[in-house]
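**Student:** Please find the sequence and the predicted model below.
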There are 2 protein chains.
Amino acid sequence: MSLPHHVRLVEVGPRDGLQNEAQPISVADKVRLVDDLTEAGLSYIEVGSFVSPKWVPQMAGSAEVFSAIGQRPGVTYAALAPNLRGFEDALAAGVKEVAVFAAATEAFSQRNINCSVSDSLKRFEPIMEAARSQGVQVRGYVSCVLGCPYEGAVRAEQVAPVAKALHDMGCYEVSLGDTIGTGTAGDTRRLFEVVAQQVPRAQLAGHFHDTYGQALANVYASLLEGIQVFDSSVAGLGGCPYAKGATGNIATEDVLYLLQGLGIETGIDLDRLIAAGQRISQVLGRANGSRVARARSAQ
Amino acid sequence: MSLPHHVRLVEVGPRDGLQNEAQPISVADKVRLVDDLTEAGLSYIEVGSFVSPKWVPQMAGSAEVFSAIGQRPGVTYAALAPNLRGFEDALAAGVKEVAVFAAATEAFSQRNINCSVSDSLKRFEPIMEAARSQGVQVRGYVSCVLGCPYEGAVRAEQVAPVAKALHDMGCYEVSLGDTIGTGTAGDTRRLFEVVAQQVPRAQLAGHFHDTYGQALANVYASLLEGIQVFDSSVAGLGGCPYAKGATGNIATEDVLYLLQGLGIETGIDLDRLIAAGQRISQVLGRANGSRVARARSAQ
């Protein structure tokens, strides 16, 4: 068993997390959350999304959030930019790194973004070109990598070409997302074994949802496959364990606790991270979705 | 990576689980729970405990439960018997298998059972002798194997002699319990590597609590160490995720889901198991502690 010495956690709470919370929060509270996460030592924070507020009202005000946060040198503050319009808005807001995402299955792509997988990839081409000319890095997401709400189980062989396409068009890293959380540790290992034949392991990340309680076991399985980057959400934002049909983002605190136990460096302070998660949970009036945070606060 | 083909789950919900729930339940509801678990295909069910109801009121009526449950041939119905008096009561109730438990740390042993670890082991000798003469099998538990609420982190070298002592005195299997749930996957692997030098892996079991969200990752780590028996609790009984200081038993449904994903046989029907957990959760008026059960019921 050979585990990585260092892991980078990509904090998706302010974007993927808050986007999936029922209750919208103010720009000031979002800024405070991002600043708290910076203080906790996160090196990568997905801050917001440049999409129409008509579709995603929780992400309104992302430009204001970007202009108000304290940006620490060496920390990446990224935004989702699903189309060229979004990319240009992000650029205008001073964003230096954007993310795009595609689905591994046709059914999810059609229902989620109303086009085929290959059409969605084509739509990214102008973004990639603009990003290259502007010196903006682009990270790619693939969703439904282990299961799809419409197609059921998803084979790794179906994921690999989508990951390869994003990598080939210039994404420096491709995050593989188990969107519905149905995957288990064996599936996870096989996924990375197969996709790594197309995209180097050092350019792959894991994004697991805890809907079926499997996320942390899948992180451990990924570490054993040499994966060194994981997406997670402070306080499990977006995955309230109390709500039906919650998306189930894995809590950053719980991943960090595992990594610390394995002696893996992240540069993150667990106590400050827990405090950040407690604060945003109180703002949202919801229970903290991190078990580590709950266990610590019960002491 | 070589995983076992078959795993035995030891269902501890009716005993370890209900004992740690705030609300006591009736004998009839306990009987129904055990019968539901038998129907779901569990091959080992820890039904109750023969202790003074003064100390553990939730376990009152264990003898009545044993006489009322439907016992399927090939299924083990076990009881905790912390002393000779309890063993004799268990025997009188027709129990064929009992469990005893010791702690890995002196501080926990003193505060929990008011004697040293070695004294607690000595107290089991008359039980072991009586069990041998009566043809009763004895399973041993060691608690606090990865952490102790009073002593902090626990080294595997401290656990091994306790496990060996239980094995040497005749326990056919020794279950290693992370009572406070602080252990992570690396600790778990090292624990089994060290203890397996004293007790064969085939006679060791893992008992993980999800207090810090690590339990399922620890189960996966144990499988990679060749461990084939795990304790778990239907609906996460005893580990309500909503309560402060919950003990955090891992939910049988969530372990089973992992095992099914890995292609490992257990003989258990997930749908029936979920139904059993939903029913007892309703009786207790609490949320189901299994994420798999919650995800399935949200569909």
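**Tutor:** Structure's in. What do you need?
**Student:** what about stretch A:134-145, how long is it end to end?
**Tutor:** 31 Å (C-alpha to C-alpha, to the nearest Å).
**Student:** need the helices for chain A, in chain order.
**Tutor:** A:18-19, A:27-40, A:62-68, A:84-92, A:106-113, A:117-134, A:156-168, A:185-195, A:215-224, A:252-261, A:270-284, A:291-298 (DSSP state H).
**Student:** elements contacting the second one?
**Tutor:** If you count contacts as 3 or more C-beta pairs under 8 Å, 6 or more residues apart in numbering or on different chains; DSSP states H and E, helix A:27-40 packs onto strand A:44-49, helix A:62-68, helix A:270-284. All C-beta atoms are positioned from the backbone trio N, CA, C, and that covers glycine.
**Student:** Quick check: which of these is buried the most?
**Tutor:** Ranked by mean neighbour count, the helices and strands packed on helix A:27-40 are led by strand A:44-49 with a mean of 26 (mean count of other C-beta atoms under 10 Å in any protein chain shown).
**Student:** right, and the helices and strands packed on helix A:27-40 - which one's nearest chain B?
**Tutor:** helix A:270-284 (11.1 Å; C-beta to the nearest C-beta).
**Student:** Using PDB, list the CA coordinates for that closest one.
**Tutor:** As requested, C-alpha coordinates have been extracted for helix A:270-284 and formatted as PDB (Å, rounded to 0.1, in the frame of the first residue of the first chain):
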ATOM      1  CA  LEU A 270      -9.200  21.100  11.300                       C
ATOM      2  CA  ASP A 271     -10.300  23.300  14.200                       C
ATOM      3  CA  ARG A 272     -10.700  26.400  12.000                       C
ATOM      4  CA  LEU A 273     -12.400  24.400   9.400                       C
ATOM      5  CA  ILE A 274     -14.900  23.100  11.900                       C
ATOM      6  CA  ALA A 275     -15.500  26.600  13.100                       C
ATOM      7  CA  ALA A 276     -16.200  27.700   9.500                       C
ATOM      8  CA  GLY A 277     -18.700  24.900   9.100                       C
ATOM      9  CA  GLN A 278     -20.400  25.600  12.400                       C
ATOM     10  CA  ARG A 279     -20.900  29.200  11.500                       C
ATOM     11  CA  ILE A 280     -22.400  28.600   8.000                       C
ATOM     12  CA  SER A 281     -24.600  25.900   9.500                       C
ATOM     13  CA  GLN A 282     -26.000  28.400  12.000                       C
ATOM     14  CA  VAL A 283     -26.600  30.900   9.200                       C
ATOM     15  CA  LEU A 284     -28.500  28.300   7.300                       C
END
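**Student:** And for it, what's in contact with it?
**Tutor:** A:13, A:21, A:23, A:25, A:29, A:32-33, A:36-37, A:39-42, A:234-235, A:237, A:251-253, A:256-257, A:260, A:287-290, A:292-293, A:296-297 (C-beta atoms under 8 Å, 6 or more residues apart in numbering or on different chains).
**Student:** In a markdown table, list the helices of chain A along with mean pLDDT.
**Tutor:** Shown next, in a markdown table, are the helices of chain A (pLDDT from 0 to 100):
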| stretch | mean pLDDT |
| --- | --- |
| helix A:18-19 | 87 |
| helix A:27-40 | 97 |
| helix A:62-68 | 95 |
| helix A:84-92 | 94 |
| helix A:106-113 | 92 |
| helix A:117-134 | 96 |
| helix A:156-168 | 98 |
| helix A:185-195 | 98 |
| helix A:215-224 | 98 |
| helix A:252-261 | 98 |
| helix A:270-284 | 97 |
| helix A:291-298 | 89 |
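**Student:** Could you look over the ones you listed and pick the most buried one?
**Tutor:** Of the helices of chain A, helix A:215-224 is the most buried (mean count of other C-beta under 10 Å), at a mean of 28.
**Student:** Could you quantify the relative orientation of it and helix A:291-298 as an angle?
**Tutor:** Interaxial angle, helix A:215-224 versus helix A:291-298 (axes from the mean of the first three to the mean of the last three C-alpha atoms, to 10 degrees): 120 degrees.
**Student:** Which residues does helix A:215-224 contact?
**Tutor:** Contacts for helix A:215-224 (C-beta under 8 Å, 6+ apart): A:1, A:3-4, A:7, A:178, A:181, A:183-186, A:188-189, A:192, A:206, A:208-210, A:230, A:248, A:250, A:254-255, A:258, A:262, A:264, B:1, B:185, B:213-214, B:216-217, B:219-221, B:258.
**Student:** May I have the beta-bridge partners of the closest residue to residue A:124 other than its chain neighbours?
**Tutor:** Spatial nearest neighbour of residue A:124, excluding adjacent residues (C-beta to C-beta, 6 or more residues apart in numbering or on different chains): residue A:100 at 5.0 Å. As for beta bridges, residue A:100 partners with residue A:140 under DSSP bridges.
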